[in-house]
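>>> A predicted structure for the sequence below; I have some questions about it.
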Amino acid sequence: MSIEILPDLLGVFFFAVSGCLLAARKNFDLVGSLLLGSLVSLGGGVVRDLVIGQLPAAFSNPLYLFPPLLATLLVFFLYSGVEKTKGLLTVFDAAGLALFCITGTVKALDAGLNPVASALLGVTTAVGGGLLRDVVANEVPQLFNRHDIYAMPAFLGSALAAVCYLTGILNLSTGLAIAVVVFAFRLLAWRFRWHAPLAVWRRKA
Amino acid sequence: MSIEILPDLLGVFFFAVSGCLLAARKNFDLVGSLLLGSLVSLGGGVVRDLVIGQLPAAFSNPLYLFPPLLATLLVFFLYSGVEKTKGLLTVFDAAGLALFCITGTVKALDAGLNPVASALLGVTTAVGGGLLRDVVANEVPQLFNRHDIYAMPAFLGSALAAVCYLTGILNLSTGLAIAVVVFAFRLLAWRFRWHAPLAVWRRKA
Amino acid sequence: MSIEILPDLLGVFFFAVSGCLLAARKNFDLVGSLLLGSLVSLGGGVVRDLVIGQLPAAFSNPLYLFPPLLATLLVFFLYSGVEKTKGLLTVFDAAGLALFCITGTVKALDAGLNPVASALLGVTTAVGGGLLRDVVANEVPQLFNRHDIYAMPAFLGSALAAVCYLTGILNLSTGLAIAVVVFAFRLLAWRFRWHAPLAVWRRKA
């Protein structure tokens, strides 16, 4: 199976919205919103494509430019309140995460990487954009928030995608099912503040 | 037209000075000044060359090492006051921006990328180094300062360079003219605090 | 001489421990510890391999995944106090630095880069991971601490490695000797607070 471009573009859009929402919360201007939206939505994929030795999709296919533009305009015209930003941002970020861990893994498998490396590259694609977004905007990366679980859903989704790909059962339905599981896992973890053990055993939190 | 190396080296020098001036303001030592100057001046070009699949110029051509060395020494011996740093830094940064958006676009077109992707890579080259500089030095990136316009001159310069390249009228004179326009646009925007609309419509600034 | 994988894996392990120790100090959770350990230990090498145009070792060779896993578990079970973190972190960081400046330089020379570029890529590999670690964890990068010397030992080690490689005397003994010199230089500089001149001449520190 070759990577379908639609889920990847959809993931780009979701991440772009999360970037533009952060730009709105931090009072950036319209150009900053476009740039932060582009960085978060295209940055992870650029790293992925460089690793597998391809011209990054963001630069080879002009279609990839529309989602960040659309996200910037949507946030500009529709956004109307500060209080809901964090929740909205997390929802869009989770949707991007759910799609990117799958498309990243599949693209790496298509390029001939071994399954373990492919799943890892999927995780890198999925968490990389959000990490860039938070570092550039000088926020503590969500990835390292110990009251939250962020990377584990991506690990799960990438592993499931690799297994389905290798057993030949990856198609639109199974892909969608994996994405829904990742999305739900991420949002439940956020809503109910699930957390992993700390980095050190027997330390009080 | 193949990329001429001189404007690229000159852009490297200007950005290197901006990095060394920031190092001076932040009280870094001499080695830190060299490293920050090198990162800002060579980082954007390394990303550009990786995207177009070439060995980065900074590593293939030893000539690229002289501008950061020169900038470090100049700032070490000539710099004498704190009060002027911000203005000087912005002037050198604007000069680097003006040259890099052109050389980055031309190098991408030479490598066979489509015009839109080439202009975007030019913008990435131009704003990338400064973004790295500010993130690494733990400053709020100039790129996202809402009281200022930073990326728009680079967009303009890259678009003009792509148009001139494709119509075959890009030469030293037209290239210089574009650089002057970008430089002037950036400095006027800074001096008179022009700004773009905020990321969200109808919010008070 | 082809690069031996063992010193590189050992360097990965040392840097991974430094990342997990920082995660412990910052109260990250276990997944954050694994991610920060992986980023610092594999990030520099990924950049190095991208520059020389190879599939990054971290993604092509599953062996590279064990050192970060091991480091995460060791820190989780054995770490027991906050007061010693900074010293321990610096010792492991110095050990990684000592190995990476050599393996990075040798890998670049093997790939056919010129000696100056190879030494610089060695320095980039050695200081890059630690820079990523500190930026992502929102710390002031050790690299720019003016009360400390960080990059100079890496410059020295990379230059020595390049000279030994080109004169054909680089083997396990000479490589080990260089690593010991770099390690000792770095730790002595840290212990006795050696420092370089500031970025600006005649300014009071």
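Sure, I can see it.

>>> same question for stretch A:15-29, mean pLDDT?
Per-residue pLDDT values over stretch A:15-29 give a mean of 89.

>>> How about that stretch and chain C, touching?
No - if you take Cβ under 8 Å from any Cβ of the partner chain as the test, stretch A:15-29 misses chain C, and the best it gets is 15.6 Å. Yep, even glycine has a C-beta here, placed from its N, CA and C like the rest.

>>> Could you list the contact residues of chain A toward chain B?
A:20, A:23-24, A:26-33, A:35-36, A:46, A:50, A:53, A:55-56, A:58-60, A:62, A:65, A:72, A:75-77, A:79-80, A:135-138.

>>> Filter those residues down to the ones in helices?
Members of the residues of chain A next to chain B lying in helices (criterion: DSSP state H): A:20, A:23-24, A:30-33, A:35-36, A:46, A:50, A:58-60, A:72, A:75-77, A:135-136.

>>> thinking again about what came up before, what about burial for the residues of chain A next to chain B, which qualify?
Listed as buried from these are A:20, A:23-24, A:26, A:28-33, A:35-36, A:46, A:50, A:55-56, A:58-59, A:65, A:72, A:75-76, A:79, A:135-137; burial here means 16 or more other Cβ atoms under 10 Å in any protein chain shown.

>>> wait, what's in contact with the residue in chain A positioned nearest to chain B?
The nearest approach of chain A to chain B comes at A:Ser33, 3.6 Å away (Cβ to the nearest Cβ). Contact analysis of A:Ser33 by Cβ atoms under 8 Å, 6 or more residues apart in numbering or on different chains lists A:Gly19, A:Cys20, A:Ala23, A:Ala24, A:Thr72, A:Val75, A:Phe76, B:Ala199.

>>> Among the residues you listed, find me the one that's closest to A:Cys101.
A:Gly19 (18.1 Å; Cβ to Cβ).

>>> That closest one: neighbouring residues, count only.
A count of nearby residues for A:Gly19, using other Cβ atoms under 10 Å in any protein chain shown, gives 36.

>>> A:Phe13 now?
22.

>>> residues in contact with it?
Per Cβ under 8 Å, 6+ apart, neighbours of A:Phe13: A:Ser41, A:Pro67, A:Leu70, A:Ala71.

>>> Out of the residues you listed, give me the two with the largest separation.
Of all the pairs that the contacts of A:Phe13 form, the one spanning the most space (Cβ to Cβ) is A:Ser41 and A:Leu70, at 10.6 Å.

>>> what is in contact with the two at once?
What both A:Ser41 and A:Leu70 touch, as defined by Cβ under 8 Å, 6+ apart, is the set A:Phe13, A:Ala16.

>>> Same drill for the two, tell me which one is more crowded.
Counted by other Cβ under 10 Å, A:Ser41 and A:Leu70 do not tie: A:Ser41 has more neighbours, with 31 against 16.

>>> I'd say that one and A:Gly129 touch.
Yes - with contact defined as Cβ atoms under 8 Å, A:Ser41 reaches A:Gly129; the gap is 6.2 Å.

>>> Report pLDDT for A:Ser2.
Reported pLDDT for A:Ser2: 46.

>>> so where do the helices sit in chain A?
A:5-25, A:30-51, A:57-60, A:66-78, A:85-110, A:115-136, A:151-166, A:172-191.

>>> elements contacting the shortest one?
Just to be clear, that refers to helix A:57-60. In terms of contacts (3 or more Cβ pairs under 8 Å, 6 or more residues apart in numbering or on different chains; DSSP states H and E), helix A:57-60 is packed against helix A:30-51, helix B:115-136.

>>> can you state the direction angle for the last one and helix B:172-191?
Put simply, helix B:115-136 runs at 40 degrees to helix B:172-191, going by axes from the mean of the first three to the mean of the last three Cα atoms, to 10 degrees.

>>> buried ones in helix B:115-136?
Within helix B:115-136, the residues that qualify as buried are B:115, B:117-136, counting by 16+ other Cβ under 10 Å.

>>> near chain C, from those residues?
Within the buried residues of helix B:115-136, those near chain C by Cβ under 8 Å from any Cβ are B:Val135, B:Val136.

>>> Pick out the residue nearest the middle of chain A.
By Cα atoms, centre = their mean, chain A has its centre lying nearest to A:Leu97, at 3.2 Å.
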